[in-house]
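>>> heads up, no residue letters with this:
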């Protein structure tokens with residue numbers, strides 16, 4: 001069953017681009033990643049799918065229901081975690097969770113208690129006393145406590161320490177194994193690689209790639225930083241070259257033996273070879289055959 005399906009979904013803010021001609025399909029039970037740098041259109045896509053903003057063109061359905069005509073039915077079975085969560089000041093955490101439960105018209109007490117224990121969230125504290133990480137925990141419990149069929153998570157781990165991030169993803173995988181569909185939006189590529197089975201990459205409001213994680217991650221390009229001096233003219237396969245006063249860094253997808261040969265003929269004081277960061281991975285897709293994937 002198709003849980004999310006868009007057909008040329010488009011949103012403009014006046015003349016400003018939001019998203020353009022998005023075609024995405026997410027099936028029931030998928031753990032789907034939605035990757036892109038800030039400003040690419042991730043949050044606009046999510047808010048449009050949830051009916052929070054009206055599309056300029058195209059169509060979208062969630063659970064097979066039109067997002068503009070059947071918004072209430074769509075939202076009933078969704079748990080939404082925005083990238084930034086705001087709550088009424090002065091309220092205690094337990095009051096916020098109870099308000100969320102009442103809005104859902106569903107008894108969530110037992111599930112809420114369990115989630116708070118796992119996330120180490122003190123429900124007796126007031127919202128305005130909480131750190132960013134603890135406010136994020138409140139938002140997580142609000143999104144999950146009614147056990148929705150679809151989880152829509154927009155940069156969900158910002159503010160969480162590594163231990164809480166691990167526990168959060170443990171919870172998501174448990175829900176996913178029970179049948180929930182997860183739509184995870186973010187710009188931390190490692191999170192998408194570790195947790196999702198399939199993902200779409202968005203750039204400037206358009207989808208430039210959509211495939212299984214294994215296929216999207218399949219690149220031999222490495223990020224190389226050399227402190228010293230080498231002759232790059234002899235190095236085929238080097239691109240995105242950046243010089244500093246005492247170093248040069250570049251993406252390299254050529255023959256490793258050739259790289260070693262060039263390095264051995266230069267003056268190398270220090271060397272780092274690492275996986276490319278997110279922006280460089282995007283560039284790999286953008287540049288391939290001049291048209292992404």
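Sure thing, it's come through. Computed from a predicted structure; not experimentally measured.
>>> what pairs with residue 248 across the strands?
Counting by DSSP bridges, residue 248 forms beta bridges with residue 226, residue 243.
>>> pLDDT score for it?
pLDDT recorded at residue 248 is 94.
>>> All the helices of the stretch 51-200 of the chain, residue numbers only.
Ranges of helices in the stretch 51-200 of the chain, per DSSP state H, counting those that start in this stretch, are 71-76, 93-104, 109-118, 132-144, 162-177, 189-195.
>>> And the longest one, what's buried?
If I follow you right, that is helix 162-177. 164-165, 167-169, 171-172, 175-176 (16 or more other Cβ atoms under 10 Å). For glycine as for every other residue, the C-beta is placed from the backbone atoms N, C-alpha and C.
>>> Just give me the neighbour total for residue 203.
If you count neighbours by other Cβ atoms under 10 Å, residue 203 ends up with 18.
>>> Which residue is the nearest non-sequential neighbour of it?
residue 40 (5.6 Å; Cβ to Cβ, 6 or more residues apart in numbering).
>>> cool, and residue 234?
In space, residue 234 is closest to residue 262, 5.1 Å off (Cβ to Cβ, 6+ apart).
>>> list the buried ones in stretch 91-107?
Quick answer for stretch 91-107 (16+ other Cβ under 10 Å): 91, 93-94, 96-98, 100-101, 104.
>>> same check, this time on stretch 122-133
123, 127, 130, 133.
>>> How about the contacts made by the residue sitting nearest the centre point of the chain?
Nearest to the geometric centre of the chain sits residue 186, at 1.9 Å (Cα atoms, centre = their mean). Going by Cβ atoms under 8 Å, 6 or more residues apart in numbering, residue 186 touches 33-35, 42, 154-157, 192.
>>> Closest one of the residues you listed to residue 245?
Distance to residue 245, by Cβ to Cβ, is smallest for residue 35 among the contacts of residue 186, at 33.5 Å.
>>> quick one: the closest one and residue 184, what's the gap?
9 Å (Cβ to Cβ, to the nearest Å).
>>> How about residue 207?
Counting by Cβ to Cβ, the gap from residue 207 to residue 184 is 16 Å.
>>> Looking at those two, which is more packed in?
residue 184 (25 against 21).
>>> For the more buried one, list the residues it contacts.
31-34, 153, 156, 172, 191-192, 195-196 are the contacts of residue 184 under Cβ under 8 Å, 6+ apart.
>>> And the next helix or strand past the top strand by length along the chain?
Longest strand in the chain by number of residues, with DSSP state E as the criterion: strand 2-13. As assigned by DSSP states H and E, the chain's next helix or strand after strand 2-13 is strand 16-22.
>>> Pull out the buried residues from that following strand.
So for strand 16-22, counting by 16+ other Cβ under 10 Å, buried means 18-20, 22.
>>> so where's this structure uncertain?
217-220, 277-293 (pLDDT under 70).
>>> now with 50?
Scanning the chain for pLDDT under 50 picks out the ranges 289-293.
>>> Turn the buried residues of strand 16-22 into JSON lines, including distance to residue 56.
Formatted as JSON lines, those follow (distance: Cβ to Cβ, whole Å):
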{"residue": "18", "distance to residue 56": "8"}
{"residue": "19", "distance to residue 56": "9"}
{"residue": "20", "distance to residue 56": "9"}
{"residue": "22", "distance to residue 56": "12"}
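>>> Show me which of these is closest to residue 241.
residue 20 (31.5 Å).
>>> Could you rank the contacts of residue 184 by neighbour count and give me the top one?
Result: residue 34 is most packed of the contacts of residue 184 (other Cβ under 10 Å), 27 neighbours.
>>> how far away is it from residue 26?
9 Å.
>>> And for residue 162?
If you measure residue 162 against residue 26 using Cβ to Cβ, the figure is 28 Å.
>>> and if you look at residue 267?
Counting by Cβ to Cβ - residue 267 and residue 26 are separated by 51 Å.
>>> and those two? which has more neighbours close in?
More crowded of residue 267 and residue 26, by other Cβ under 10 Å: residue 26, with 22 against 10.
>>> ok so, going back, tell me which two of the buried residues of helix 162-177 sit farthest apart.
164 and 176 (18.5 Å).
>>> returning to that earlier point: right, and the helices of the stretch 51-200 of the chain - which one's nearest residue 82?
helix 132-144 (7.2 Å).
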